[in-house]
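In: heads up, no residue letters with this:
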């Protein structure tokens, strides 16, 4: 597990450095405060997965230009914008082990800095001069906000279906990773086949990534995760492990499950009991299996590319999405 | 005054109808709730000034296509998105005589619906296929959020300068009207001269429009304005009438001014006293004069267009911006 992570990190260290530089260079706010708030979320140990995906997708399609690092910031700025708004929406307190922005600067500044980051993201998209890229990014903005609203209005509802869950994670997570990979292909003026392959890779990786994320809320450790485990459930967010288990659970365990889910102040012990039920009902296992199937799809879609270090990296990243611990 | 308004309205009734239709047609949310919240702000008696400016700018440059109404929604959606976020940021209670969205649906839904409208606005920009249009819209998003933040962090500060005020209203109001007129020229593939002229027209109109708006907070009537007069000051928002007067005021009246400005719970009578001081110091007169100068600039920049009903309309709209009552 840790070996895979180290292998990936050693292969991308130069790219990561250049991404960090580009993220600093392209922010360009005229107010110090905007720079502070944006930096708080941007430089707090994010994995840079989305910009990296764009860069590697461009590279595997033979991109030879010098704008990939700049363009890759589109996806981190957009991601950061949605994190600022979503943390506020969710009433979160910690993100990557640090207090969330709205707890430091308040809602107004946080909302507006999110808007600024969205604006930056779109300005840089416009710099590509590729209408298709801009359409993708604009559509992502629509999708992510609606996915988040969908999740919000179904918060705490025990009748949330697996289909609805899939629709929500498609919009709130998968389209952004899909967009990053797709854009990489587009700036490299890739063939239609390559474009489609990378779009599918990103989409399936995104779905699996979110499922793995939802699993971590039940299987990780607060100190590793950088936020409390069980947070999703405390917020009333029902994810696949629970949705599946509620479908399979016997009537006796259902009473236990419902009691814990509807109690916003459930104890650590309650949570352990719930995890036991999820294990018994196969909710954790089912989610793992589905995530794994999407990873296989992701990998399969890029298999036709000729062997290269970049291809290995994309395959490794897909594998890592399943086994990551935070 | 009312004659001018009626004259304008009679000339644009068909355009307004088509704008309403386009605003309904292009919203396209997949969630009912998003449609409800967006409609609450979109269909609450807005003047449609920004879409109208785009349409007239395209027309005066000889636009013959059928997409102008669709593209014009960019500017109303963007405007509505910022209203949703700004009302929340300002803690406003009324907008156009109706309760603000966040007081009905709460902050989370309101923030995210704003994001959705921003996304729609950008998707429609992308449909123009004109990278320059997209750059303009993206830059507007950056500018408006920073202008709003600038205003927010200087809230209640008695040392706000006229230069800062100009910087704030440029970003939060003028660039959007500028962008609407500029985009009109661009979709009509206008000459560089026409493009520049309409961009300047929109910019100066925007500056004057905001100054007139700031004046209304001191000179209008709550029932006409659709929100309480004195609201800016209650929120700690110092606008030009006050900024100028604070520079000119004698030490005796300054004490009165500062007392009222720093008292969030000033009475209606206090407010009347303040208006008296503003009149005495020439703050209202100065703001009117400056607004009027910008209107003259706006009108001057489009004088070279050959005579037409559209040109008359643009000139009339500029005049109306100064005399409107709400």
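Out: Received it, and whenever you're ready, just let me know what you need. Because the structure is predicted, anything quoted here is derived from the model rather than measured.

In: contacts and neighbour counts: CA atoms only from here.
Out: Noted.

In: which secondary structure element is home to whichever residue of the stretch 151-300 of chain A sits closest to chain B?
Out: Residue of the stretch 151-300 of chain A nearest chain B, by C-alpha to the nearest C-alpha: residue A:152 (8.0 Å). Residue A:152 is part of helix A:131-153, with elements assigned from DSSP states H and E.

In: so what touches that helix?
Out: When contacts are defined by C-alpha atoms under 8 Å, 6 or more residues apart in numbering or on different chains, helix A:131-153 is touched by residues A:82, A:86, A:122, A:125-126, A:167-173, A:175-176, A:179, A:183, A:186, A:237, B:29-31, B:34, B:109, B:112-113, B:115-120, B:122-123, B:126-127, B:129-131.

In: can you select the buried ones from those in PyMOL?
Out: In PyMOL, a selection of the buried entries from the contacts of helix A:131-153 looks like this (16 or more other C-alpha atoms under 10 Å in any protein chain shown):
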select buried, (chain A and resi 82+86+122+125+126+168+169+170+171+172+173+175+176+179+183+186+237) or (chain B and resi 29+34+109+112+113+115+116+117+118+119+120+122+123+126+127+129+130+131)
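
In: same for the helix or strand where residue A:280 lies, what does it pack against?
Out: For residue A:280, the host element (DSSP H and E) is helix A:268-281. Here helix A:268-281 touches helix A:240-248, helix A:251-262, going by 3 or more C-alpha pairs under 8 Å, 6 or more residues apart in numbering or on different chains; DSSP states H and E.

In: out of the helices and strands in chain A, which is least certain?
Out: Counting by mean pLDDT, DSSP states H and E, chain A has its least confident helix or strand at helix A:222-225, which shows a mean of 62.

In: which parts of the helix or strand following that helix are buried?
Out: Toward the C-terminal end, the helix or strand that comes next after helix A:222-225 (DSSP H and E) is helix A:231-234. Residues A:232-234 are the ones in helix A:231-234 that count as buried (16+ other C-alpha under 10 Å).

In: tabulate those residues (a markdown table), appending distance to chain B.
Out: Output for the buried residues of helix A:231-234, formatted as a markdown table (distance: C-alpha to the nearest C-alpha, whole Å):
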| residue | distance to chain B |
| --- | --- |
| A:232 | 16 |
| A:233 | 18 |
| A:234 | 17 |
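
In: and which of the residues you listed is nearest residue A:306?
Out: residue A:232 (40.9 Å; C-alpha to C-alpha).

In: pretty sure that closest one contacts residue A:215?
Out: No. With contact defined as C-alpha atoms under 8 Å, residue A:232 does not count as touching residue A:215 (10.2 Å).

In: quick check: phi and psi at residue A:98.
Out: Here is the backbone geometry of residue A:98 (degrees, to the nearest 10): phi -110, psi 150.

In: against residue A:55, how distant is it?
Out: 28 Å (C-alpha to C-alpha, to the nearest Å).

In: give me the more crowded residue out of these two.
Out: Counted by other C-alpha atoms under 10 Å in any protein chain shown, residue A:98 and residue A:55 do not tie: residue A:55 has more neighbours, with 28 against 13.

In: the more buried one and residue A:69 touch, don't they?
Out: Yes. Residue A:55 is within contact range of residue A:69, at 6.9 Å (criterion: C-alpha under 8 Å).

In: check which helix or strand residue A:292 maps to.
Out: Going by DSSP H and E, residue A:292 is in helix A:283-301.

In: can you pull out the residues in contact with that helix?
Out: A:197-198, A:200-205, A:207-209, A:211-212, A:215, A:240-245, A:278-279, A:314-315, A:318-319, A:322.

In: any idea which helix or strand comes after it?
Out: Moving toward the C-terminus from helix A:283-301, the next element (DSSP H and E) is helix A:309-323.

In: what's that following helix packed up against?
Out: Where contact means 3+ C-alpha pairs under 8 Å, 6+ apart, helix A:309-323 is packed against helix A:2-25, helix A:49-60, helix A:192-219, helix A:283-301.

In: ok, for residue A:28, nearest residue in space, not its chain neighbours?
Out: Counting by C-alpha to C-alpha, 6 or more residues apart in numbering or on different chains, residue A:35 is the residue found nearest to residue A:28 once chain neighbours are left out, at 8.0 Å.

In: in this structure the one you found contacts residue A:25, no?
Out: No. Contact between residue A:35 and residue A:25 fails when scored by C-alpha under 8 Å: they sit 11.4 Å apart.

In: these two: who's more crowded?
Out: residue A:35 (16 against 11).

In: which secondary structure elements does the one helix or strand that one maps to contact?
Out: Taking DSSP H and E as the definition, residue A:35 sits inside helix A:32-42. Counting contacts by 3+ C-alpha pairs under 8 Å, 6+ apart, helix A:32-42 packs against helix A:68-90, helix A:101-127.

In: by how many degrees do it and helix A:101-127 diverge?
Out: Angle, helix A:32-42 to helix A:101-127, by axes from the mean of the first three to the mean of the last three C-alpha atoms, to 10 degrees: 90 degrees.

In: run the angle between helix A:32-42 and helix A:68-90 for me.
Out: Using the same axes, to 10 degrees: helix A:32-42 against helix A:68-90 is 90 degrees.

In: what's the mean pLDDT across helix A:32-42?
Out: Mean pLDDT, helix A:32-42: 93.

In: ok, now stretch A:75-87?
Out: Across stretch A:75-87, the average pLDDT comes to 94.

In: do it and chain B meet at all?
Out: Yes. Stretch A:75-87 is in contact with chain B by C-alpha under 8 Å from any C-alpha of the partner chain, via residue A:85.

In: mind listing residues that contact that stretch?
Out: Stretch A:75-87 is contacted from outside by A:23, A:38, A:41-42, A:48, A:50-51, A:93, A:100-102, A:110-111, A:113-118, A:120-121, A:144, A:148, A:176, A:180, B:111-112, using C-alpha under 8 Å, 6+ apart.

In: I'd like to know how far the nearest residue to residue A:22 once chain neighbours are set aside sits from residue A:29.
Out: Distance criterion C-alpha to C-alpha, 6+ apart; nearest residue to residue A:22, sequence neighbours excluded, is residue A:70 at 5.7 Å. In this view, residue A:70 and residue A:29 are 16 Å apart by C-alpha to C-alpha.

In: since that was my last question, I'll sign off now.
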